[in-house]
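J.: predicted structure and sequence below. I'll ask about it afterward.
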Amino acid sequence: MVEKEATVVPEAGLHARPAARFIKEAKGYSSDIVVVKDGREVNAKSPLRLMTLGARHGDRVVIRAEGDDEEVAVEALVAILSEEEEE
Amino acid sequence: MMAGTRLTGVAASEGVAVGPALVHVLMELKPERENISEVEVEEELGRFQSAVEVVAEKLSATAEEMREGGSEKEAGIFEAHVEMAEDPEFQSEVEERVKRLESPEGAVISVGEEFAALFAGMEDEYMAARADDVRDVASQIASELMGNETAGLEALAEPSVILALNLAPSDTARIPKGMALGFVIAEGSRTSHVSIMARSFGIPAVVGVGAALEDALGARMVALDGTEGYAVADPDEDVISDFEQKQKDAAAEAALLEEYKHAEARTSDGHRIEVAANIGSAEEAEGAIAWGAEGVGLFRTEFLFMKRTDLPSEEEQYEAYRKVAEEFGERPVIIRTMDVGGDKDLPGVDQPEEENPFLGWRGIRMCLDVPELFKPQLRAILRAAPYGKLRIMFPMVVDNVELRAAKEILEECREELENEGTEYGEVEVGVMVETPAAAIRARDIAPEVSFFSIGTNDLVQYTLAADRGNERLTRLQSADHPAVLDLIGKTCEAAREAGIWVGVCGESAGEPDMISKLVALGVTELSMSAPAIPRVKKIVSKL
């Protein structure tokens, strides 16, 4: 299992476009991936769950993955959260 | 039901329509079966999977159609619906329930409701509104499972006026092209899905008519006026011919004005007059541009503060301002800082009951006293500035004491952003001239600002001491009064000396008789509700 903390950088938080990119990336890995915020844990591959997490710009979240590609998955997803949204 | 019943609501999409009524009642979706038997589980799981696929495919096709038709925003809605339909958590929860012998249609409806409740409970208004999207998607999958041809909308063969409690995006998308003459909707506001869709397709709509819709359900014909915001059920001959005339007039005028819409307005002696739009929410930006707005002369920000229990965050305001800035690009957008007084409640602000709210603690007066209200707004505007050409306008300013205090707080915000390393942009600062004091001493204020915009509605009310809402005072409610014209003239004169420009953002900017007077006094920008823009451009070019 690999986990890493990240700050949500995209202005829109984890919904709309940044979320779509995040989920697309997450779905590309075979590992089970979750996003944790304030003790709540949701499936990173589920847009519905992810949106209801209500992670906003500036919030701290933990990304945790378990599986064959856990390490790359966590790195890639943290990177997405740490980038400004591209225009 | 009485013939000629009038339903009043929100003018959500302009235009006039008369036609046969089609009532679209959203039936509460009931599962055909509560339970299934052990031997059916495998088969039902398979049926659920194919229902999801069918619905996702239909939604993708709709998104594609919308995109091809140039409706980017609507396409986005349907793409989000595809994502929801294919959500792995949604699917696994339905599958769990089916394995526990619940019927798949029942499971889909309940799981959809559970997610909808999660969304509805969220603080962020935008997210809370997503509850309806989840329900919409779940009910489509359930309908597919039950083999329901949600008859009505897609089978519509005669152009009709559609009456409904509400319409989900999937409902409006099912209506064959050209078959919806208009919408009369019980729920909703100008920002509901149905209103946005109606506007982008140019279909007249009246929303938010409330329980009155019930009185119209038996109607055979409906006439509606989406510009004024009302509908008439079973109109009599007189009303019909009246509406037909309105339709003809609107069509004739639209054709005539088409050539002026996107032209620059110039008087016959060559003076360039900028014609801009007054908007009250970020959603109106797109429509304003379509009407030919060369900018926003007045962006009222009160909508962000109304109908809610908390104050809008800086982030939420930033999103709204940025959206408008991006939408208008190079064209200038004047954001008026919050102008609320004792006549409206503000969450989190202790407002004492006032006898004269219009002469009370409002606008800039309140903002200066409550920095936690003012600063997030100023910071949000500064942060949105790099995305377009934003200007700030302070309302209700009486003298330089207020103006300087406001500018000082703006400077504080700028420094804060600088120190935090947050991106921000420069904005021009102007004053809304709407108190006689500001007009009389415009000469003092002009050197300290980049522009003036005259708010004629309040300037008239304060100058002529006549309540805007008092029906007996109509003679004293027009800017076409020598006293008011004098003040406008004084303002223009002071501006000329200081080398700044003057705009007008009150009702009178769109009044044919006033336009020539305002331009003659030296006004170079006129801002009004967007649909009036082509007409005003035409009037200006005849001067």
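T.: In hand now; what should we look at?

J.: could you find the closest non-adjacent residue to the residue in chain B positioned nearest to chain A?
T.: Closest to chain A within chain B is residue B:89: 3.7 Å, counting by Cβ to the nearest Cβ. In short, each C-beta sits where N, CA and C put it, glycine included. Nearest residue to residue B:89, sequence neighbours excluded (Cβ to Cβ, 6 or more residues apart in numbering or on different chains): residue A:46, at 3.7 Å.

J.: pretty sure residue B:452 belongs to a strand, no?
T.: Yes. Assessed with DSSP: H, G, I helix; E, B strand; the rest coil, residue B:452 lies in a strand.

J.: just the pLDDT for it.
T.: Residue B:452 is assigned a predicted lDDT (pLDDT) of 98.

J.: same check on the one 4 residues further on?
T.: Per-residue confidence (pLDDT) for residue B:456: 92.

J.: what's the closest non-adjacent residue to it?
T.: residue B:506 (2.9 Å).

J.: next one: residue B:286
T.: Closest residue to residue B:286 apart from its sequence neighbours, by Cβ to Cβ, 6+ apart: residue B:327 at 6.1 Å.

J.: residue B:42: neighbouring residues, count only.
T.: Residue B:42 has 11 neighbouring residues, counting by other Cβ atoms under 10 Å in any protein chain shown.

J.: which element is it on?
T.: Using DSSP states H and E, residue B:42 sits in helix B:41-68.

J.: next, the buried residues of that helix.
T.: By 16 or more other Cβ atoms under 10 Å in any protein chain shown, the buried positions in helix B:41-68 come out as B:41, B:44, B:47-48, B:51-52, B:55-56, B:58-59, B:62-63, B:66.

J.: show me what stretch B:455-475 is in contact with.
T.: Stretch B:455-475 is touched from outside by B:298, B:358, B:395-396, B:432-436, B:439, B:476-479, B:481, B:483-484, B:487-488, B:504-509, with contacts defined as Cβ atoms under 8 Å, 6 or more residues apart in numbering or on different chains.

J.: and the end-to-end length of that stretch?
T.: Start-to-end span of stretch B:455-475 (Cα to Cα, to the nearest Å) is 18 Å.

J.: centre of the chain to that stretch, how far?
T.: From the chain centre to the centre of stretch B:455-475 is a distance of 26 Å (Cα atoms, centre = their mean, to the nearest Å).

J.: checking the residue of chain B closest to chain A next. Helix, strand or coil?
T.: Quick answer, by three-state DSSP: residue B:89 is helix.

J.: for it, grab the count of nearby residues.
T.: By other Cβ under 10 Å, neighbour count at residue B:89 equals 17.

J.: hmm, back to that, dump the residue contacts of the residue nearest to residue B:286.
T.: Contacts of residue B:327 (Cβ under 8 Å, 6+ apart): B:282, B:285, B:286, B:289, B:388.

J.: so which strand or helix has it?
T.: Assigned by DSSP H and E, residue B:327 belongs to helix B:314-328.

J.: okay, that helix in PDB with CA atoms only?
T.: Provided in PDB are the C-alpha atoms of helix B:314-328 (Å, rounded to 0.1, in the frame of the first residue of the first chain):
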ATOM      1  CA  GLU B 314     -14.300  34.500  -2.200                       C
ATOM      2  CA  GLU B 315     -13.900  31.400  -4.300                       C
ATOM      3  CA  GLU B 316     -17.500  31.400  -5.300                       C
ATOM      4  CA  GLN B 317     -17.400  35.000  -6.300                       C
ATOM      5  CA  TYR B 318     -14.200  34.600  -8.100                       C
ATOM      6  CA  GLU B 319     -15.700  31.800 -10.200                       C
ATOM      7  CA  ALA B 320     -18.700  34.000 -11.200                       C
ATOM      8  CA  TYR B 321     -16.500  37.100 -12.000                       C
ATOM      9  CA  ARG B 322     -14.000  35.100 -13.900                       C
ATOM     10  CA  LYS B 323     -16.700  33.400 -16.000                       C
ATOM     11  CA  VAL B 324     -18.000  36.800 -17.100                       C
ATOM     12  CA  ALA B 325     -14.500  38.200 -17.600                       C
ATOM     13  CA  GLU B 326     -13.700  35.200 -19.900                       C
ATOM     14  CA  GLU B 327     -16.900  35.400 -21.700                       C
ATOM     15  CA  PHE B 328     -16.400  39.000 -22.600                       C
END
